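A.B. asks: Coordinates only, no sequence provided:
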DNA sequence: TCTGAGCGTAACCGGTTAGTTACGTAACTG
DNA sequence: CAGTTACGTAACTAACCGGTTACGCTCAGA
């Protein structure tokens, strides 16, 4: 269920997610959106599936893909955490932590 | 200034960002955090620099790296957009758009 | 049951990339 | 100025990755 970052690494996979955000699509429809061969898209869809970003539902002989936006939490939370720690660091400027780091850098240099 | 996604592709680069979120570090300090050789880290830092995720400030012979969290906007905005379109689609369920897609799928099958 | 459509997987291939060693440059130190 | 430290870059290599073709499976319809 993890690996959201890795799944969204590829621009093509992000484009697939963008399309699925607007409408659910069958595997063939997704493949038709790009000029690559179908097996490549199929693997992209598998990566997105394993990352929990999309869900499949067999309908007859088709496979309908649907977005599962909950998996975006991991990415968004990471960004928030980074910003948060950065904010805390700024608040702590000229405090023991910052001076400690500076001192450490001095004494080792 | 673009390429935030690509820069954050690599787990090592994300880890560098995480460390820099807590404290600014010199290039050598960043390299010491990982067991890889320094040139590799140096290139990672360059990628992050070119993506606008970090900034450098020469201090004597050291290069102090600092986080530039504004570049995270691109990623966070993308996630928000995807969620937004997904929400709109859910609101539009059983409307002309959804029925149209379903109809299109029927007629071609 | 036979045929064709839709989809996934296996195996292979070329380009990218992250890691390494070797080397060059700028700045502090004696 | 000579030596050392900190850092970046160049060139090479091994692994990864995205694309392709070939193939197998499942389901719908005649």
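C.D. replies: The structure has been received and is ready for your questions. Small disclaimer: the values here were computed from a predicted structure and weren't measured.
A.B. asks: Correct me if wrong, but residue A:55 is in a strand.
C.D. replies: Yes: using DSSP: H, G, I helix; E, B strand; the rest coil, the assignment for residue A:55 is a strand.
A.B. asks: residues contacting it?
C.D. replies: Going by C-beta atoms under 8 Å, 6 or more residues apart in numbering or on different chains, residue A:55 touches A:49, A:65, A:66, A:67, A:68. Where C-beta positions appear, they are placed from N, C-alpha and C, glycine not excepted.
A.B. asks: For the closest residue to the last one other than its chain neighbours, give the beta-bridge partners.
C.D. replies: The reference is to residue A:68. Leaving aside its sequence neighbours, residue A:68 sits nearest to residue A:55 (C-beta to C-beta, 6 or more residues apart in numbering or on different chains; 4.9 Å). As for beta bridges, residue A:55 partners with residue A:66 under DSSP bridges.
A.B. asks: Likewise for the one 4 residues further on?
C.D. replies: Beta-bridge pairing of residue A:59, defined through DSSP bridges, involves residue A:62.
A.B. asks: hmm, back to that, which entries within the contacts of residue A:55 meet the buried criterion?
C.D. replies: Buried members of the contacts of residue A:55, scored by 16 or more other C-beta atoms under 10 Å in any protein chain shown, are A:65, A:67, A:68.
A.B. asks: Throw the residues you listed into TSV and include distance to residue B:16 and pLDDT, thanks.
C.D. replies: Below are these laid out as TSV (distance: C-beta to C-beta, whole Å; pLDDT from 0 to 100):
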residue	distance to residue B:16	pLDDT
A:65	34	97
A:67	30	97
A:68	29	96
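A.B. asks: if we take those, which one ends up nearest to DNA strand C?
C.D. replies: residue A:65 (7.4 Å; C-beta to the nearest atom of the strand).
A.B. asks: Surely the closest one touches residue A:59?
C.D. replies: No: checked against C-beta atoms under 8 Å, the pair residue A:65 and residue A:59 is beyond contact range at 10.7 Å.
A.B. asks: what do those two both touch?
C.D. replies: Common neighbours of residue A:65 and residue A:59, using C-beta under 8 Å, 6+ apart, are residue A:26.
A.B. asks: how far away is the residue nearest to residue A:68 from residue B:44?
C.D. replies: Residue A:55 sits 34 Å away from residue B:44, taking C-beta to C-beta, to the nearest Å as the criterion.
A.B. asks: and the angle for the helix or strand where residue A:75 lies with helix B:72-91?
C.D. replies: In the assignment (DSSP states H and E), residue A:75 maps to helix A:72-91. Angle between the axes of helix A:72-91 and helix B:72-91 is 140 degrees (criterion: axes from the mean of the first three to the mean of the last three C-alpha atoms, to 10 degrees).
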